[in-house]
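[1] Take a look and give me a structure for this.
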Amino acid sequence: MAKDIRQVINSFSQDLSPTEKKIADYLLEQRDSAAQLTIKELSQTIQVSTATLSRFAKRLGYQSFQELKIALNIPSETNADEFFSDLNQNDDLLTLAQKVFAANIASLKDTANFLDETTLETAINLLTEANKTGFFGIGGSQIIALDAYHKFMRTNLEAECQSDYHLQLMLATKLTKEDCAVVISHTGRNQEILRLCEILQENQVPIICLTSYAGSPLAKVSEVALIALAEETAYRSEAMSAMQSQFTLIDTLFMLYSVSNGAQNNLARKRIRQTIKKTRI
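    The predicted model follows:
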């Protein structure tokens, strides 16, 4: 499935220059008319050079400006008016609840549409071939990392996760090129996370990242970048909505890894269930 250009642009929005943002805003606001213009006509309309438009297209991952134009003609998967209506103090409780569910559903749909098979296959191969996998995150992202650790503990994957940042630094230092790191950061710009990535890179540790921005520093240093898309509202930060998609991306990695390594994982899961069962009345 081709990626919705709205989703692609949003995934790079944090890292666009003023000129690139000017182009992005026009393409999103005048999508239908922009799709009918030649690169020269569009450059005159937006008042940027054709070379700038070509670089912008390639920045978003398109091979050419023509490929970007084709993407403009692909209908959006979600209806912004339906999904992203903001919370209102005059709404009744059920309406407020439905809007929260709708925002999370929209984030999940956008994130699912942004996935591709090659990215998933590479991620599963890295996890399968790793001697050990470390899960890293700071603040809210640490919750995602702990959830991932809890899930993968039920498999044959040798997993490790630390809550304390200094312990995370130590874990990153001990990992080698035979291991793997899953690094989670909504913005992909957190200084502590990027310091962890520097250590991982020095040790040649392959990185799988979960972030909301494909153009972020974290995404750029990762072998695999899984993008969680979300919209911000007046009462809820973009990061809070993105967390739902990040949890689901972890579920996806867990399920794909479990299926790909069925026999070994079944044995590990059975032994863990037997142990946990003994703690219940």
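[2] Work out which residue lies at the spatial centre of this structure.
    The centre of the chain sits closest to Ile227, judged by CA atoms, centre = their mean, with a distance of 1.9 Å.
[3] So that residue versus Asp116, what's the distance?
    Going from Ile227 to Asp116 by CB to CB, to the nearest Å gives 10 Å. Using the backbone N, CA and C atoms, a C-beta is placed for each residue, glycine as well.
[4] Residue ranges in the stretch 51-200 of the chain under the pLDDT threshold?
    75-87 (pLDDT under 70).
[5] Nearest spatial neighbour of Gly188, chain-adjacent residues omitted?
    Distance criterion CB to CB, 6 or more residues apart in numbering; nearest residue to Gly188, sequence neighbours excluded, is Ser216 at 2.7 Å.
[6] Confirm for me that the one you found is in contact with Ile193.
    No. Using CB atoms under 8 Å, Ser216 makes no contact with Ile193, being 10.0 Å away.
[7] Determine the number of other residues adjacent to Gln47.
    8 (other CB atoms under 10 Å).
[8] again with Phe101
    10.
[9] Please list all residues in contact with it.
    By CB atoms under 8 Å, 6 or more residues apart in numbering, no residues touch Phe101.
[10] phi, psi of it?
    phi -60, psi -40 (degrees, to the nearest 10).
[11] separation between it and Thr95?
    Phe101 sits 11 Å away from Thr95, taking CB to CB as the criterion.
[12] Now do the shared contacts for Ser216 and Ile193.
    Ser185.
[13] circling back to that earlier point, what confidence value was assigned to the residue nearest to Gly188?
    Note for Ser216: predicted pLDDT of 94.
[14] Give me the neighbour count for it.
    Neighbour tally, Ser216, other CB under 10 Å: 25.
[15] what about the closest residue to Asn73 other than its chain neighbours, neighbour count?
    In space, and not counting its chain neighbours, Asn73 is closest to Ala35: 5.1 Å by CB to CB, 6+ apart. By the criterion of other CB under 10 Å, Ala35 has 17 neighbours.
[16] got the buried residues for the host helix or strand of Thr19?
    Following DSSP states H and E, the helix or strand that holds Thr19 is helix 18-29. In terms of neighbour count (16 or more other CB atoms under 10 Å), helix 18-29 has its buried residues at 20, 22-24, 26-27.
[17] Go through those and name the one nearest Met243.
    Ala24 (24.9 Å; CB to CB).
[18] what sits up against the helix holding Thr19?
    Against helix 18-29 from outside (CB under 8 Å, 6+ apart): 5-6, 9, 12-13, 16, 34, 45-46, 48, 52-53, 56, 59, 72.
[19] what residues are up against the residue nearest to Asn73?
    69, 72-73.
[20] again, 10 Å this time
    Residues counted as contacts of Ala35 (CB atoms under 10 Å, 6 or more residues apart in numbering) are 5, 27, 42, 68-74.
[21] Can you tell me which of these are buried?
    5, 27, 42, 68-69, 71-72.
[22] Adding distance to Leu175, write those residues out as JSON lines.
    Shown next, in JSON lines, are those (distance: CB to CB, whole Å):
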{"residue": "Ile5", "distance to Leu175": "37"}
{"residue": "Leu27", "distance to Leu175": "41"}
{"residue": "Leu42", "distance to Leu175": "46"}
{"residue": "Leu68", "distance to Leu175": "38"}
{"residue": "Lys69", "distance to Leu175": "43"}
{"residue": "Ala71", "distance to Leu175": "38"}
{"residue": "Leu72", "distance to Leu175": "42"}
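[23] Please identify which of these is nearest to Ile105.
    Nearest to Ile105, judged by CB to CB, of the buried ones among the contacts of Ala35 is Ile5 at 20.9 Å.
[24] With adjacent residues omitted, what lies nearest to the closest one?
    Going by CB to CB, 6+ apart, Ile5 has Ala71 as its nearest residue, at 4.3 Å.
[25] Kindly report the same for Tyr257.
    The nearest residue in space to Tyr257 (CB to CB, 6+ apart) is Leu127, at 5.3 Å.
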